[in-house]
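Engineer: Fold the following.
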Amino acid sequence: MEIRPWNRLVETLPPLAGYEFEALKASITEHGVLQRILVLPNGHIIDGTHRWKIAPDKILDDKLYDILNLDDDTAFLLGLAMNSARRQMSLEQIKEIRKKQKEIALALRKNERMSQEKVAGILGVAQQTIDLWEGTSITTTGNTCNPPDLRIKVPKKEKEKIAQRAAAGESQVQIAADYKISQQRISQIAKQTKGKESRKKLEVNGDLAEDSRYRLITGNFAFEYERLTAESIDVIITDPPYSKKYLDLYTTLAKAGGVLLRPSGSLLVMTGQSYLPEVFERLTPHLTYHWIVAYLTPGGQAPQIWPKKVNTFWKPVLWFTKGKYSGDWIGDVVRSAVNDNDKTYHQWGQSESGFTDLVKRFSKEGDVVLDPFMGAGTTGVVAARLGRRFIGIDISAEQTAIARERIQRAGNEAVVSNSASR
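Structural biologist: Next up is the predicted model:
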């Protein structure tokens with residue numbers, strides 16, 4: 001059974017504040033998963049998404065989940081009720097949840113002929129609340145189920161921090177959860193601050209404007225890609241882990257490519273040779289196979305594949321497209337400089353010389369390049385130097401920080417170089 005977060009519920013509920021998530025993670029590390037999660041027969045999680053994100057293997061292996069046979073609307077209401085009762089939320093956040101609850105509760109009353117008592121039971125509220133909703137606007141004040149819109153005053157310094165986090169690519173939903181205010185407030189603060197900054201002259205040696213040139217995200221790509229805009233990426237260039245236990249990453253990568261790539265956009269994924277049949281099996285249901293590019297690694301950097309008794313001096317870069325390829329002619333050999341196997345920043349890092357060749361061939365200036373397994377940011381460094389826009393995702397906060405520093409430095413060097421050449 002494939003268990004996964006339910007986007008409808010995840011996008012409605014505010015995420016846990018950062019400190020709340022870390023506390024839950026520490027508890028699970030020390031004591032294990034103490035409360036079973038609830039899922040629908042199709043695997044969608046009704047309750048326990050954060051527990052699942054922290055310990056998916058434990059939950060699957062020990063079968064720490066219960067399956068509820070409910071229709072979507074009833075399950076959705078149940079999920080809202082359980083999470084709202086357990087979490088600490090501000091009045092603004094509660095108000096947003098109540099709006100959704102009211103919409104579905106009234107739909108169940110009208111379309112399913114469900115009794116007020118039953119709907120109230122699902123929601124965990126008094127029957128008189130349902131009665132009130134049926135006769136009163138959601139904006140009515142003076143009752144506990146429809147709290148007023150709390151206008152929390154956000155100090156100037158906190159506004160600056162919020163804007164910086166938003167510009168760094170952090171989810172506005174998560175920022176809102178940390179401050180216990182609505183996402184709309186976060187969006188307004190970010191836009192206001194961005195407007196002020198855009199009126200300032202950009203200094204050559206200043207930091208890159210991350211909101212326009214690049215965006216770095218710390219998180220699990222399997223969850224984070226759904227927050228990106230569909231058909232907004234020109235090319236995906238990435239180098240996932242090669243071992244057998246990571247094969248399912250290619251399934252996620254292909255699914256994401258089908259959603260995120262523009263029509264005719266390309267996925268270039270470097271991989272090892274040991275499990276090529278299994279990799280193809282996971283990529284082909286979602287994207288169209290186009291070609292294999294040979295990535296040459298000359299010199300003394302050839303890895304020894306002991307089970308196969310092979311010294312390999314090249315790696316396959318699998319080229320898949322979203323629909324039919326309509327771009328220019330491209331040569332199918334890419335080269336790293338001799339002995340340029342750079343592991344300075346990451347144990348699996350690739351050379352900047354080789355990825356410069358790869359990015360040059362498969363993208364043009366101004367294109368949006370995505371690397372969902374960014375590591376220490378080599379793809380982003382090259383993209384910044386070549387005038388591409390870049391989105392990078394990595395599960396490690398430490399690697400994201402290294403990538404950010406490298407990409408900022410590369411981008412600033414490119415600005416200086418371009419200014420000098422004019």
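
Engineer: who's in contact with Leu287?
Structural biologist: Residues in contact with Leu287 (CB atoms under 8 Å, 6 or more residues apart in numbering) are Ala254, Gly257, Gly258, Leu261, Leu267, Phe320, Thr321, Lys322. In short, each C-beta sits where N, CA and C put it, glycine included.

Engineer: ok, now how distant is the nearest residue to the last one once chain neighbours are set aside from Gly354?
Structural biologist: Looking back up the chat, that one is Lys322. Nearest in space to Lys322, with sequence neighbours left out and distances taken as CB to CB, 6 or more residues apart in numbering, is Leu261 at 4.1 Å. Taking CB to CB, to the nearest Å as the measure, Leu261 falls 23 Å from Gly354.

Engineer: Quick check: phi and psi at the nearest residue to Met1 once chain neighbours are set aside.
Structural biologist: Spatially, and ignoring its direct neighbours in sequence, Met1 is nearest to Gly43 (5.8 Å; CB to CB, 6+ apart). With angles defined as degrees, to the nearest 10, Gly43 sits at phi 90, psi -10.

Engineer: Kindly report the same for Pro241.
Structural biologist: With angles defined as degrees, to the nearest 10, Pro241 sits at phi -60, psi 150.

Engineer: Name the residues that touch the strand or helix carrying Phe21?
Structural biologist: According to DSSP states H and E, Phe21 maps onto helix 18-31. Identification of contacts with helix 18-31 by CB under 8 Å, 6+ apart yields Pro15, Leu16, Leu34, His50, Arg51, Ile54, Ala55, Arg87, Gln88, Gln174, Asp178.

Engineer: For the residue most central in space within the chain, give me its contacts.
Structural biologist: Against the mean C-alpha coordinate of the chain, by CA atoms, centre = their mean, the closest residue is Glu224 at 1.4 Å. Under the criterion of CB under 8 Å, 6+ apart, the contact list for Glu224 reads Ile217, Ile393.

Engineer: Centre of the chain to the helix or strand containing it, how far?
Structural biologist: Element membership of Glu224 [criterion: DSSP H and E] is helix 221-224. Put simply, helix 221-224 sits 4 Å off its chain's centre (CA atoms, centre = their mean, to the nearest Å).

Engineer: Next secondary structure element downstream of that helix?
Structural biologist: Using DSSP H and E, the next helix or strand after helix 221-224 towards the C-terminus is strand 233-238.

Engineer: contacts for that next one?
Structural biologist: Applying CB under 8 Å, 6+ apart, the contact partners of strand 233-238 are 253, 256-257, 260-262, 265-270, 355, 358-359, 362-363, 367-374, 379, 391.

Engineer: Now do it, average pLDDT.
Structural biologist: Here strand 233-238 scores 96 as its mean pLDDT.

Engineer: Would you list the strands that it pairs with, along with their directions?
Structural biologist: strand 261-270 (parallel), strand 368-371 (parallel) (DSSP bridges).

Engineer: what about the helices in the stretch 301-422 of the chain?
Structural biologist: Secondary structure of the stretch 301-422 of the chain by DSSP state H, counting those that start in this stretch: the helices cover 352-362, 378-385, 397-421.

Engineer: TSV for the ones you listed, including distance to Phe21?
Structural biologist: TSV is the format used below for the helices of the stretch 301-422 of the chain (distance: least, CB to CB, whole Å):
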stretch	distance to Phe21
helix 352-362	33
helix 378-385	26
helix 397-421	13
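
Engineer: Please render those helices as CSV that adds mean neighbour count, distance to Leu216 and mean pLDDT to the earlier fields.
Structural biologist: Below are the helices of the stretch 301-422 of the chain laid out as CSV (neighbours: other CB atoms under 10 Å; distance: least, CB to CB, whole Å; pLDDT from 0 to 100):
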stretch, mean neighbour count, distance to Leu216, mean pLDDT
helix 352-362, 21, 17, 94
helix 378-385, 26, 8, 94
helix 397-421, 16, 5, 75
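
Engineer: how about those helices, which one is nearest Ala107?
Structural biologist: Closest approach to Ala107 among the helices of the stretch 301-422 of the chain (CB to CB): helix 397-421, 41.0 Å.

Engineer: Which SSE is immediately downstream of the lowest-mean-pLDDT helix or strand in the chain?
Structural biologist: Among the helices and strands of the chain, helix 210-213 carries the lowest confidence by mean pLDDT, DSSP states H and E, at a mean of 61. Note on helix 210-213: by DSSP H and E, the next helix or strand toward the C-terminus is strand 214-218.

Engineer: ok, and what's touching that next one?
Structural biologist: With contact meaning CB under 8 Å, 6+ apart, strand 214-218 is reached by 168-171, 208, 210, 224, 374, 377, 380, 383-384, 389-397, 400, 403-404, 407, 411.

Engineer: that older thread, and the residue nearest to Met1, what pLDDT?
Structural biologist: With respect to pLDDT, Gly43 scores 92.

Engineer: Point out where the stretch 101-250 of the chain drops to low pLDDT.
Structural biologist: Applying pLDDT under 70 to the stretch 101-250 of the chain flags the ranges 112, 122-126, 128, 135-153, 193-212.

Engineer: try it again with 50
Structural biologist: 136-151, 198-211 (pLDDT under 50).

Engineer: before we move on, the earlier item: who wins for neighbours among the contacts of helix 18-31?
Structural biologist: In terms of neighbours by other CB atoms under 10 Å, the contacts of helix 18-31 top out with Arg51 at 23 neighbours.

Engineer: So for it, what's the pLDDT?
Structural biologist: 90.

Engineer: Tell me the secondary structure at it.
Structural biologist: Here Arg51 is recorded as helix under DSSP: H, G, I helix; E, B strand; the rest coil.

Engineer: Leu38 is in contact with that one, correct?
Structural biologist: No. Using CB atoms under 8 Å, Arg51 is not in contact with Leu38; the gap is 10.6 Å.

Engineer: For Ala376, grab phi and psi.
Structural biologist: Torsion angles, degrees, to the nearest 10, at Ala376: phi -90, psi 10.

Engineer: make that Pro5, sorry
Structural biologist: According to degrees, to the nearest 10, Pro5 has phi -60, psi 150.

Engineer: mind listing the strands for the stretch 51-200 of the chain?
Structural biologist: 65-67 (DSSP state E, counting those that start in this stretch).
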